[in-house]
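Engineer: Sequence and predicted structure are below.
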Amino acid sequence: MVRTFAVSGTASGLGLAVRARLEAAGHRVIGVDLRDAEVTADLSTPEGRARSEEHTSELQSPYV
């Protein structure tokens, strides 16, 4: 069963490693980070968290 995961910090470090592991297992990953991700947002701000939630939800749609 393929699942979709939203992972923060996928541009580098631990987030990138988690992304690679999930994708290697056949899952879909929606990356969230300040740059180089499907969802670009600053999670340290309320606006960034709202943006992340909105865009992640849009990308989870089977019609995207």
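Structural biologist: Perfect, thanks for sending it.

Engineer: And the biggest helix by length in the chain, what's buried?
Structural biologist: The longest helix of the chain (DSSP state H) is helix 46-60. Residues 48, 51-52, 55-56 are the ones in helix 46-60 that count as buried (16 or more other Cβ atoms under 10 Å). For every residue, glycine as well, the C-beta is placed using N, CA and C.

Engineer: Identify all contacting residues around it.
Structural biologist: 4, 6, 8, 30, 32, 38-39, 41-43, 64 (Cβ atoms under 8 Å, 6 or more residues apart in numbering).

Engineer: for the record, mean pLDDT for that helix?
Structural biologist: Helix 46-60 shows a mean pLDDT of 95.

Engineer: Could you give the separation of it from the chain centroid?
Structural biologist: 10 Å (Cα atoms, centre = their mean, to the nearest Å).

Engineer: just to revisit the earlier point, please pick the buried ones from the contacts of helix 46-60.
Structural biologist: Buried among the contacts of helix 46-60 by 16+ other Cβ under 10 Å: 6, 8, 30, 32, 39, 41.
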